[in-house]
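In: Next one to model:
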Amino acid sequence: MFVISDFIRVERMPGFSCKLCAQCCRDRIVVLYDRDIERLSEAGFSDFYEEASELELYLTGAKYRMKLKENDECIFLKDDRCIAYEYRPDTCRRYPFIVGEDFILASISCPGIKWDEEGDAEPFREPSEEISRALRRIIKL
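Out: Purely as a prediction, here's the structure:
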C-alpha cells in the first residue's frame, strides 16, 4: 500500500521534532524535481530515479520519482537511516509539511509533529516551492 496524500491544511505551523522512525521512507512515492536529480547526481548517486506517472506529474509538477526497493522502502534507506541525507530531495527536506505563500499543509501520519506547539515555517518554504506551485494550479488553497 502506498500513501498518496495524508496532508491536511492547518491554520498555523505546528512544531516538529523528527523521531528518526523512517516511517516517511517507506511505502511512499517520493517525487523528484530537476534540482533533486542534479543534486544527487553531482554527489555521485546514480540509477535512483524513474519517470513519474502522468498523475504524479499532474499533481506535483515532478517529472521523476525515487526508485524503491522490492520491500517498498526508499532506495537510499539503509538500517533506518538515509545514506543520501545531505543531498536528499526537496520532498524529504520539506516533509512533513508543504508550505506555500499563504497556506500550510501538514502530514497527519508523522509522529514528529507537535500539534500543541508553534513551529517555524521558513525552513520548509523553499523546498516546497515547486510542489506548492503545482498544487495551487489544480486545487484552491
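
In: contacting residues around residue 50?
Out: Residues in contact with residue 50 (Cβ atoms under 8 Å, 6 or more residues apart in numbering) are 64-65, 67. Just so you know, the C-beta spots here come from the backbone N, C-alpha and C atoms, and that holds for glycine as well.

In: gap between residue 112 and residue 55?
Out: 28 Å (Cβ to Cβ, to the nearest Å).

In: Give the residue from these two that has the larger number of neighbours.
Out: The residue with more neighbours, out of residue 112 and residue 55, is residue 112; 17 against 10, by other Cβ atoms under 10 Å.

In: Is the more buried one in contact with residue 22, as I believe?
Out: No. In this structure, residue 112 is not within contact of residue 22 by Cβ atoms under 8 Å, at 11.4 Å.

In: Report pLDDT for residue 15.
Out: Per-residue pLDDT puts residue 15 at 98.

In: Is it correct that it falls within a helix?
Out: No. The assignment for residue 15, made by DSSP: H, G, I helix; E, B strand; the rest coil, is strand rather than a helix.

In: That one bridge partners, please.
Out: residue 114 (DSSP bridges).

In: Give the burial count for it, as a bare number.
Out: So residue 15, with other Cβ under 10 Å, has 13 neighbours.

In: mind showing which ranges of this protein have poor pLDDT?
Out: 1-4, 141 (pLDDT under 70).

In: same thing but at 90, please
Out: Along the chain, segments meeting pLDDT under 90 span 1-6, 59, 135-141.

In: Show me where it has its strands.
Out: 7-10, 14-16, 31-32, 49-51, 64-66, 77-78, 81-82, 97-99, 104-107, 113-118 (DSSP state E).
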